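A.B. asks: need a structure here:
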Amino acid sequence: MNNFEAIIGQSPALDSLIRSAKIVAATDVTVLLKGDTGTGKEVFAHAIKNASSRAKKEFLTLNCAALPESLIESELFGHKKGSFTGATHSTQGLLQAAHGGTLFLDEINSLPLSIQAKLLRFLDVGECLSVGDVRPYKVDVRVIAATNANLMTLIETGAFRSDLYFRLNVVPLELPRLSDRSEDIELLIAHFFALFEKNHGTQSPKFSEASLKILKNYKWAGNIRELRNLCERLSILFSNQVIEPEHLPLEFQNETNRAESPNFVLPSTGIKLDTLEANLIHQALDRTQGNRSKSAKLLGITRDTLLYRMQKHGFFTSQ
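C.D. replies: As a prediction, this is how the structure comes out:
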């Protein structure tokens, strides 16, 4: 059973998110999970459900991007026999099937506009209308929605209803990117290697320090899902071996080479190094809204080194 204790990680970003999610789980409020692909939105949806009063009830899922518009309405709200070609019998929708439980709407940013109005009606008054029917029905379902896109941007382009957004956005939870919780990477690797050792009958490999450094500095566009896939591949190809940088996929090596390549050209007139260093520190602090750990990561130095250099340049460091 998925629960908050099963979520891997100890980073401050993750701890803060879990604390908020536990508070939300104790209520019956609508939840909107925001985050990039692969950050674990469905895992959190399961954990919220399992920590709620609906834990023993149904948990059903609909990926709003997986079905054509012509089928989503029927899938959500059901249809009456004869309401369209091929409707040979009446079928209940996911909302009816999830009565008393939870419905997880993944990639809700892909929900067609025509369906958004009907979903808004349900969220407002708990009322649904099957395709081809004239009599609405009521159900008691908690909705947890997830998006990997910026809904405000979609609202501006007319692709998403603002009233539905504000109805869904009662309690938004933002899932951090894996690159923003790199301190959790080793814990996740250990978890995935143990899983694949059991599933595939292999012996877990180990990452060298150089390889781990590359993984912690990698951007992880696919987030936790990308790390999981990498661990599965390496657990099969390098069972009980030490994984060196040359064993990593090409995209990891290419990114490392780009990161290590100089991108600053010294002007012929020279520079004032202290002024440049102070300026870069100021930019890093501004970009991270004063977060010194994140600023140090951007600058490629330790937090202690950053604090030393801030003090050297007269930055306020008493916090």
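
A.B. asks: let me see the domain layout of this structure.
C.D. replies: The chain breaks down into these structural domains: 4-176, 188-260, 273-312 (assignment by automatic domain parsing).

A.B. asks: nearest to L266, out of the ones you listed?
C.D. replies: With CB to CB, the closest approach to L266 among the domains of the chain belongs to domain 273-312: 10.3 Å. To be clear about C-beta, it is placed using only N, CA and C from the backbone, and glycine gets the same treatment.

A.B. asks: just to revisit the earlier point, how about CSV for the domains of the chain, with distance to S182 added?
C.D. replies: Below are the domains of the chain laid out as CSV (distance: least, CB to CB, whole Å):
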stretch, distance to S182
domain 4-176, 8
domain 188-260, 5
domain 273-312, 8
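
A.B. asks: using TSV, lay out those together with mean neighbour count and mean pLDDT.
C.D. replies: Shown next, in TSV, are those (neighbours: other CB atoms under 10 Å; pLDDT from 0 to 100):
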stretch	mean neighbour count	mean pLDDT
domain 4-176	17	92
domain 188-260	16	91
domain 273-312	15	86
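
A.B. asks: the closest residue to L299 other than its chain neighbours: what secondary structure?
C.D. replies: Nearest non-adjacent residue to L299, counting by CB to CB, 6 or more residues apart in numbering: A284, 5.3 Å away. Three-state call for A284 (DSSP: H, G, I helix; E, B strand; the rest coil): helix.

A.B. asks: how about the one 10 residues further on?
C.D. replies: Classification of K294 using three-state DSSP returns helix.

A.B. asks: how close does V134 get to L14?
C.D. replies: V134 sits 48 Å away from L14, going by CB to CB, to the nearest Å.

A.B. asks: helix, strand or coil for the residue located most distally from the centre of the chain?
C.D. replies: Within the chain, the residue lying farthest from the chain centre (CA atoms, centre = their mean) is T269, at 46.6 Å. Classification of T269 by three-state DSSP places it in coil.

A.B. asks: the residue nearest to L299 against N291, yeah?
C.D. replies: No: A284 is beyond contact range of N291, at 9.3 Å (criterion: CB atoms under 8 Å).

A.B. asks: what's the overlap in contacts for those two?
C.D. replies: Here A284 and N291 share no contacting residue, scored by CB atoms under 8 Å, 6 or more residues apart in numbering.

A.B. asks: could you pull out the helices for the chain?
C.D. replies: Under the criterion DSSP state H, the chain contains helices at 12-25, 41-50, 69-77, 94-97, 113-125, 151-156, 162-168, 185-200, 209-217, 223-237, 250-260, 273-287, 292-299, 303-312.

A.B. asks: in terms of secondary structure, what does the first one contact?
C.D. replies: In this case it means helix 12-25. Under the contact criterion of 3 or more CB pairs under 8 Å, 6 or more residues apart in numbering; DSSP states H and E, helix 12-25 touches helix 41-50, strand 171-174.

A.B. asks: partner strands of the last one and their direction?
C.D. replies: Strand 171-174 pairs in its sheet with strand 31-34 (parallel), by DSSP bridges.

A.B. asks: can I get the strand it pairs with in PDB? Just the C-alpha atoms.
C.D. replies: Output of strand 31-34 as PDB, limited to C-alpha atoms (Å, rounded to 0.1, in the frame of the first residue of the first chain):
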ATOM      1  CA  VAL A  31      -6.400  18.800  -4.300                       C
ATOM      2  CA  LEU A  32      -4.300  20.000  -7.300                       C
ATOM      3  CA  LEU A  33      -0.900  18.400  -7.700                       C
ATOM      4  CA  LYS A  34       1.500  20.400  -9.800                       C
END
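
A.B. asks: I'd like the distance from it to the chain centre, please.
C.D. replies: 10 Å (CA atoms, centre = their mean, to the nearest Å).
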